[in-house]
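# my questions are about this predicted structure, shown below with the sequence.
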Amino acid sequence: MLEARPAELDAILEVLPEDTALLIYRFVEANELFVAGIAGTREGALFDLGDGEAAKGKIAAWLRSVSVPGTDDVPAARAAYDVLLGELGKFLQRKRHLIIVPDGELCYAPFEALVDAQ
């Protein structure tokens, strides 16, 4: 029988390329949203993304708009980007790849469809 074991941080850092960031999202008690970021450059940070209910509302609006063909989903995709990645700008500089571990409603979110302000 295969037994799953939690990965150690050092083991993750050994295989994480320098141009890659691992982002682990977590809703805490449904009131706050946090993301832990680990980069291949051995950087790490914890970001408080604020009100989890407000984030869920913006994400739900984005998911509704992206699921209807022909809908202009850009405004909702920008709002979701601001919630999910906006605070991470400096941390994500020079990162070409993201590995995203979603939580809750984020499991249904197509992160590749987010739109930044540029």
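That came through fine.
# residue boundaries of the strands in the chain?
If DSSP state E is used as the criterion, the strands of the chain fall at 20-28, 32-39, 44-51, 97-101.
# show me what the shortest one is packed up against.
If I follow you right, that is strand 97-101. With contacts defined as 3 or more Cβ pairs under 8 Å, 6 or more residues apart in numbering; DSSP states H and E, the secondary structure elements packing on strand 97-101 are strand 20-28. (Glycine included, C-beta is placed from N, CA and C.)
# what pairs with the strand it packs on, parallel or antiparallel?
Strands flanking strand 20-28 in the sheet, each with its direction: strand 32-39 (antiparallel), strand 97-101 (parallel) (DSSP bridges).
# what about the strands of the chain, which gets the closest to residue 115?
For the strands of the chain, proximity to residue 115 was assessed by Cβ to Cβ; strand 97-101 is nearest, at 15.1 Å.
# for the closest one, list every residue counted as buried.
Residues of strand 97-101 classed as buried by neighbour count (16 or more other Cβ atoms under 10 Å): residue 100.
# just give me how far it sits from the chain centre.
The gap between where strand 97-101 is centred and where its chain is centred comes out at 7 Å by Cα atoms, centre = their mean, to the nearest Å.
# so for stretch 83-97, first residue to last residue, what's the gap.
Start to finish, the residues bounding stretch 83-97 are 19 Å apart (Cα to Cα, to the nearest Å).
# that older thread, Throw the strands paired with strand 20-28 into CSV and include distance to residue 76 and mean pLDDT, thanks.
Rendered in CSV, the data for the strands paired with strand 20-28 read as follows (distance: least, Cβ to Cβ, whole Å; pLDDT from 0 to 100):
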stretch, distance to residue 76, mean pLDDT
strand 32-39, 17, 93
strand 97-101, 19, 95
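# just list the residues touching the closest residue to residue 87 other than its chain neighbours, thanks.
Taking Cβ to Cβ, 6 or more residues apart in numbering as the measure, residue 87 lies nearest to residue 47, with 5.2 Å between them; neighbours along the chain are not counted. When the contact criterion is Cβ atoms under 8 Å, 6 or more residues apart in numbering, the partners of residue 47 are 34, 35, 36, 37, 87, 88, 91.
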